[in-house]
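A.B. asks: what would the 3D arrangement of this be:
(2 chains)
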Amino acid sequence: MMVYYFLPDPGIFGGVKVACQFVSMLLSTGARAVVALPEGKAPRWFSATAPVVTHQMALENTTSSDWIMITWPPDYEWLKRLPGRLVCHCQGTDDRMHPIFADTSVPLLTCWKQAQEYVRLHFDRETVDVSIAISDDFFFDGSRKEDNRVAYMPRRGYSIARDCMRKVGSQDFIPVDGLHEQEAARCLKRSGIFLATAVGEQFGLPALEAMAAGCVVISVPVKGGMEYLHDGFNCFVVSAEEMPEKLDWLTRRENAATRSVMRLRAVSTAQRYRMVVQRRQLERLLRDELAWLKK
Amino acid sequence: MTKEGITVIVVSKGLEGLLHFCLTALQRALQRLMSGGEVHRVVVVDNASRPPYIQDLYRTLGVKLLRADLPLSFAAANNAAATLYPNDFYLLLNNDVLLTEETLLGMHKLMRDHPQVGLCGSRLIFPDGSIQHCGVLFGPGGIGPYHGFRKKPSDQVSRINREYQAVTGACLLVRRAVWEELGGLDESYPFGLEDIDLCLRARQRGWNVMCHNETESLHLEAMTPGRRALDIPSRKLFMKRWKGHYTLDG
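C.D. replies: This next block holds a predicted model:
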């Protein structure tokens, strides 16, 4: 029995990293699993150990006893025609996922609570919460941090970041884009603040990674990520329009102590999402609720 | 203990004195593994040595000697020996590796306890106590596979048995099921990196690859004259086949 985790592309998308991490964890727990990508090209932008095969190789070798793991909604139509058993590793709850949620023959694994609740509410189905983890590279290690560095990801919500730059000229704004994960981690560990500007984000892995790196996060509201974003305690959650004002307030000299406390709380929160924590949870699940995935 | 047998394959050219040290250490390691009933075999492939190894000397050691009059690739030599002497496990062993007594026992136990582990490598050290091998990492671009922690003092590197994408074939225990599923080593490689290729192919089939780090054996590394020259075409072939298809962990 094998698990074939199908992905459409090895590019810089959070879902690709989460998928590869999940396969690595399955392997470490004794399951047999590989990532299947169209040309068999492995992602180059983060560290991983998951084996990669071509779609073609996966299609040739899949038998009815294998599990076909799906996360990308458009793959559902063609993957369901394969001989293997479908299982969904749910990394989002947008409308495109609905046909999969509605198919009761497909077991659902969810990565965060909002997704679990969404499926329960709208489809009256239970899921197995397999959680999500962030790479150990991101965790703040006491290296030099610059309080006036504000990191942001221009790929989504650049206009919000631009408004912040206009409002708060005293800060150094550092775009994090197209970097290898380790470079992104170094950048975040050196930054004091992170602007999470992706409106409509499902979970917001970058914001959690920034918290692990000891950044004070100012985030727009997201869906699943609200389980770790606690406004006023370990971050600030504001609307896109309010973000420049909040950044201006946060960077004032008299708020240095607030920034320090927030950073410590952020790192503390992120500890719950360490790889080792998720791996232990997965080991427990594979002995119990998820035992079927190894059969 | 187990009744499962191991066929140890040592591909060797010249260096008979070193080979005897290797075989003596191996015999001690096999003794530690014996529990009665299992059939372990030691096969030396004389890879066109000048002069040839003398059969009688090896017979007294209980070693099967296979003679190749023309040099074979590492893959071809191992494949031939495995075909002639099939067993539950194959141990590929370089003639310049001196096993410590507990190493083979530890590797075998690891594979017995973890049936999903198809291949198991071992920590190897240089004579100065620094790491020669404790797992293979993969770097970006043209870096490709390399030995992690190489030349670091062994005492300073974690002894936890770890999963890797690949381990060296200098001392490699392979489950027969994996060997047969993959058809052994790929004989396209002139000499070198066929071991890494085997590990990557095994992982594509869902097998785990681990390095046993609890013990360490001595590896003098690439002692056979002319060995290094064959690395270059092997590496070219490996990179042509695998570059971009392994994940990066180094």
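A.B. asks: next, give phi and psi for the residue of the stretch 51-200 of chain A found nearest chain B.
C.D. replies: Using C-beta to the nearest C-beta, the single residue of the stretch 51-200 of chain A nearest to chain B is A:Pro51, 3.8 Å away. Where C-beta positions appear, they are placed from N, C-alpha and C, glycine not excepted. For A:Pro51, the backbone dihedrals (degrees, to the nearest 10) come out as phi -70, psi 150.
A.B. asks: check contacts around it.
C.D. replies: Applying C-beta atoms under 8 Å, 6 or more residues apart in numbering or on different chains, we find A:Pro51 in contact with A:Val23, A:Leu27, A:Val34, A:Val35, B:Gln165, B:Leu200, B:Arg203, B:Gln204, B:Thr247.
A.B. asks: once you drop chain neighbours, what's closest to it?
C.D. replies: Leaving out its chain neighbours, the residue that sits closest to A:Pro51 by C-beta to C-beta, 6 or more residues apart in numbering or on different chains is B:Arg203, at 3.8 Å.
A.B. asks: what's the one helix or strand the one you found maps to packed up against?
C.D. replies: Secondary structure assignment for B:Arg203, by DSSP states H and E: helix B:194-204. In this structure, helix B:194-204 makes packing contacts with helix B:74-84, strand B:117-125, helix B:176-182, strand B:208-219, helix B:231-242, judged by 3 or more C-beta pairs under 8 Å, 6 or more residues apart in numbering or on different chains; DSSP states H and E.
A.B. asks: recalculate using a threshold of 6 Å.
C.D. replies: Applying 3 or more C-beta pairs under 6 Å, 6 or more residues apart in numbering or on different chains; DSSP states H and E, we find helix B:194-204 packed against strand B:117-125.
A.B. asks: hmm, who's touching the strand it packs on?
C.D. replies: With C-beta atoms under 6 Å, 6 or more residues apart in numbering or on different chains as the test, strand B:117-125 has contacts from B:103, B:107, B:110-111, B:132-134, B:154, B:167-168, B:171-175, B:178, B:199, B:202, B:207-213, B:216-217, B:219.
A.B. asks: that strand: what's the following helix or strand?
C.D. replies: Using DSSP H and E, the next helix or strand after strand B:117-125 towards the C-terminus is strand B:131-133.
A.B. asks: by contact count, what packs against that following strand?
C.D. replies: Applying 3+ C-beta pairs under 6 Å, 6+ apart, we find strand B:131-133 packed against strand B:117-125.
A.B. asks: give me the angle between the strand it packs on and helix B:194-204.
C.D. replies: 140 degrees (axes from the mean of the first three to the mean of the last three C-alpha atoms, to 10 degrees).
A.B. asks: chain center to strand B:117-125: distance?
C.D. replies: 8 Å (C-alpha atoms, centre = their mean, to the nearest Å).
A.B. asks: gap between A:Met211 and chain B?
C.D. replies: Shown here: A:Met211 relative to chain B, a distance of 25 Å by C-beta to the nearest C-beta, to the nearest Å.
A.B. asks: what about that residue, neighbour count?
C.D. replies: Neighbourhood size, A:Met211 [other C-beta atoms under 10 Å in any protein chain shown]: 33.
A.B. asks: now the phi/psi pair for it, please.
C.D. replies: phi -60, psi -40.
A.B. asks: can you give me the separation between it and A:Val237?
C.D. replies: According to C-beta to C-beta, to the nearest Å, A:Met211 stands 12 Å off from A:Val237.
A.B. asks: what's the lengthiest helix in chain B in contact with?
C.D. replies: In chain B, assigned by DSSP state H, the helix with the most residues is helix B:16-33. Identification of contacts with helix B:16-33 by C-beta under 6 Å, 6+ apart yields B:Ser12, B:His40, B:Leu61, B:Asn95, B:Asp96, B:Leu98, B:Leu99, B:Glu101, B:Thr103, B:Leu104, B:Leu105.
A.B. asks: chain center to stretch A:75-84: distance?
C.D. replies: 25 Å.
A.B. asks: between the two ends of that stretch, what distance do you get?
C.D. replies: Using C-alpha to C-alpha, to the nearest Å, the end-to-end distance of stretch A:75-84 comes out at 14 Å.
A.B. asks: that one near chain B at all?
C.D. replies: No. Figure legend: stretch A:75-84 not in contact with chain B (C-beta under 6 Å from any C-beta of the partner chain); closest approach 13.1 Å.
A.B. asks: can I assume A:His55 is in contact with A:Ala36?
C.D. replies: Yes. Using C-beta atoms under 6 Å, A:His55 is in contact with A:Ala36, at 5.4 Å.
A.B. asks: buried ones in stretch B:121-141?
C.D. replies: B:121-126, B:130-138 (16 or more other C-beta atoms under 10 Å in any protein chain shown).
A.B. asks: please read the previous query as pertaining to stretch A:85-100.
C.D. replies: Of the residues in stretch A:85-100, those buried (16+ other C-beta under 10 Å) are A:Arg85, A:Leu86, A:Val87, A:Cys88, A:His89, A:Cys90, A:Gln91, A:Gly92, A:Thr93, A:Met97, A:Ile100.
A.B. asks: which helix or strand contains the fifth one?
C.D. replies: For A:His89, the host element (DSSP H and E) is strand A:85-90.
A.B. asks: which strands and helices sit next to that strand?
C.D. replies: In this structure, strand A:85-90 makes packing contacts with strand A:67-70, strand A:108-110, judged by 3+ C-beta pairs under 6 Å, 6+ apart.
A.B. asks: can you list the strands that the shortest one pairs with?
C.D. replies: Using DSSP bridges, the neighbouring strands of strand A:108-110 in the sheet come out as strand A:85-90 (parallel), strand A:128-129 (parallel).
A.B. asks: re earlier: so can I have TSV of the contacts of helix B:16-33 showing neighbour count and secondary structure?
C.D. replies: Shown next, in TSV, are those (neighbours: other C-beta atoms under 10 Å in any protein chain shown; DSSP: H, G, I helix; E, B strand; the rest coil):
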residue	neighbour count	secondary structure
B:Ser12	24	strand
B:His40	21	coil
B:Leu61	14	coil
B:Asn95	25	coil
B:Asp96	20	coil
B:Leu98	22	strand
B:Leu99	28	coil
B:Glu101	15	helix
B:Thr103	25	helix
B:Leu104	30	helix
B:Leu105	19	helix
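A.B. asks: ok, so of those, who is nearest chain A?
C.D. replies: B:Leu105 (21.7 Å).
A.B. asks: distance of B:Ala68 relative to B:Ile9?
C.D. replies: 13 Å.
A.B. asks: ok, for the residue in chain A that chain B sits nearest to, nearest residue in space, not its chain neighbours?
C.D. replies: Among all residues of chain A, A:Arg32 sits closest to chain B, at 2.9 Å; criterion: C-beta to the nearest C-beta. Take A:Arg32 and drop its neighbours on the chain: the residue closest to it by C-beta to C-beta, 6+ apart is B:Gly206, 2.9 Å away.
A.B. asks: phi, psi of the one you found?
C.D. replies: Dihedral angles (degrees, to the nearest 10) for B:Gly206: phi 100, psi 0.
A.B. asks: and what of A:Gly232?
C.D. replies: Dihedral angles for A:Gly232 - degrees, to the nearest 10 - are phi 80, psi -10.
A.B. asks: neighbours of it, how many?
C.D. replies: Neighbours of A:Gly232 using other C-beta under 10 Å come to 9.
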